[in-house]
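[1] structure here, sequence nowhere to be found:
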């Protein structure tokens, strides 16, 4: 998926800054190096690591226990003082909020902008996965009583994800937080581009984050589930049997292309068109995609971009490595790209696993 824009050499939305942290990669340079070299950033947990994580030996020793985890370093680290928080305030804050704030700051710096010296309105459009940290916070009753339940709410509610960035970086454009499951980050980018093209803001930060503290312990595989039985993700492969979930965060800085060119920004890529839809009830089940729905949204994005399917030579797909989802996605793409030209197909999940709300931004950054 790409974001909305008109045709022509000066139409569309420019990516002028970016930052991200993914399994096995503390920054985008390491991320690209891993992708280029075919590194699988899904590691195997040792007995010592499982024991330290509190997993009983009788459970981790079962044949169906998968000791796989996309290794992400530093999810528990945060420079509270830099952003004006006390250590206790940071302690009760969802790690997803912390990572998104840090990465937004890094992306804006990468774009070469200081919000205090920028006259235009800068918007923030972000999303996160489910909050699985709050139960841990409430288990520390004394800390909650000391700070108060309002502070805990502010530090964990999804609705404050983007607003926190706007507040700490003093950004005065629209500030929207959302969650649409695996499409979260790309829907955020789509929404940011519409806001830019409608003139609501002059620059936008957009992306997604997913942190699940429970992912660091592996998982029990159940036959028929969408989780990989051996901890490997094999997208579009005859041996594909499931996916592995992981942690990640990514943010892009967006501007109208005409403005980016006039301001002599570094333009990493141009986003020409996007679309969002839903396939309703025309599918075999709630969690299953449909061929017609996916084909329709791809066709709509191409039309908005003013692109002929024959002009596309690469598609970064969702590609979860599941026996159900991948064939449906390929069928939908085959309907959309009715051309004799060969179209290359890829997905980042074979390298870093499925990053939930951050999955789309990982794919977008890979493509850029």
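    Now that the structure is in, tell me what you want to look at. Since this is a predicted model, take the numbers as computed values, not measurements.
[2] now name the helix or strand holding residue 124.
    Assigned by DSSP states H and E, residue 124 falls within strand 122-128.
[3] tell me the strands beside that strand, with direction?
    Using DSSP bridges, strand 122-128 pairs in its sheet with strand 175-178 (parallel), strand 203-210 (parallel).
[4] what about that strand, distance to the chain center?
    When distances are taken as Cα atoms, centre = their mean, to the nearest Å, strand 122-128 is centred 12 Å away from the chain's centroid.
[5] residues in contact with stretch 336-343: which ones?
    Identification of contacts with stretch 336-343 by Cβ atoms under 8 Å, 6 or more residues apart in numbering yields 294-295, 298-299, 302, 309-310, 312-315, 333. In this view, the C-beta of every residue, glycine as well, is placed from N, C-alpha and C.
[6] one more time with 6 Å, if that's ok
    For stretch 336-343, contacts defined as Cβ atoms under 6 Å, 6 or more residues apart in numbering pick out 295, 298-299, 309-310, 315.
[7] tell me the helix or strand right after the helix or strand where residue 69 lies.
    Element membership of residue 69 [criterion: DSSP H and E] is strand 68-70. Sequence-wise, the next helix or strand beyond strand 68-70 is helix 87-91, with elements assigned using DSSP H and E.
[8] same for that following helix, what does it pack against?
    Counting contacts by 3 or more Cβ pairs under 6 Å, 6 or more residues apart in numbering; DSSP states H and E, helix 87-91 is packed against no other helix or strand.
[9] re earlier: so which of the strands paired with strand 122-128 is nearest residue 41?
    In this view, the strands paired with strand 122-128 are compared for proximity to residue 41 by Cβ to Cβ, and strand 203-210 is the closest at 14.8 Å.
[10] and that closest one, how far out from the chain middle?
    Counting by Cα atoms, centre = their mean, strand 203-210 is centred 8 Å from the centre of its parent chain.
[11] what's the average pLDDT for that strand?
    pLDDT averaged over strand 203-210 equals 98, rounded to a whole number.
[12] for residue 146, what are phi and psi?
    The phi/psi pair for residue 146 (degrees, to the nearest 10) reads phi -70, psi -50.
[13] hmm, I was thinking of residue 109
    Here the main-chain torsion angles of residue 109 (degrees, to the nearest 10) amount to phi -60, psi -40.
[14] neighbours of it, just the number please.
    Counted by other Cβ atoms under 10 Å, the residues lying close to residue 109 total 13.
[15] and the pLDDT at it?
    For residue 109, the pLDDT comes out at 98.
[16] for residue 316, list each beta-bridge partner.
    Residues found in beta-bridge contact with residue 316 (criterion: DSSP bridges) are residue 346.
[17] buried deepest among the strands paired with strand 122-128, which one?
    Burial among the strands paired with strand 122-128, expressed as mean neighbours by mean count of other Cβ atoms under 10 Å, is greatest for strand 203-210, which shows a mean of 32.
[18] after that one, next one along is what?
    strand 219-220.
[19] show me what that next one is packed against.
    Counting contacts by 3+ Cβ pairs under 6 Å, 6+ apart, there are no secondary-structure elements packed against strand 219-220.
[20] name the residues that touch it?
    Strand 219-220 has contacts (Cβ under 6 Å, 6+ apart) with 64-66.
[21] mind listing the strands it pairs with, and their directions?
    strand 65-66 (antiparallel).
[22] what's the mean pLDDT across the strand it pairs with?
    Per-residue pLDDT values across strand 65-66 average out to 96.
[23] what's the offset of that strand from the middle of its chain?
    Computed by Cα atoms, centre = their mean, the separation of strand 65-66 from the middle of its chain amounts to 26 Å.
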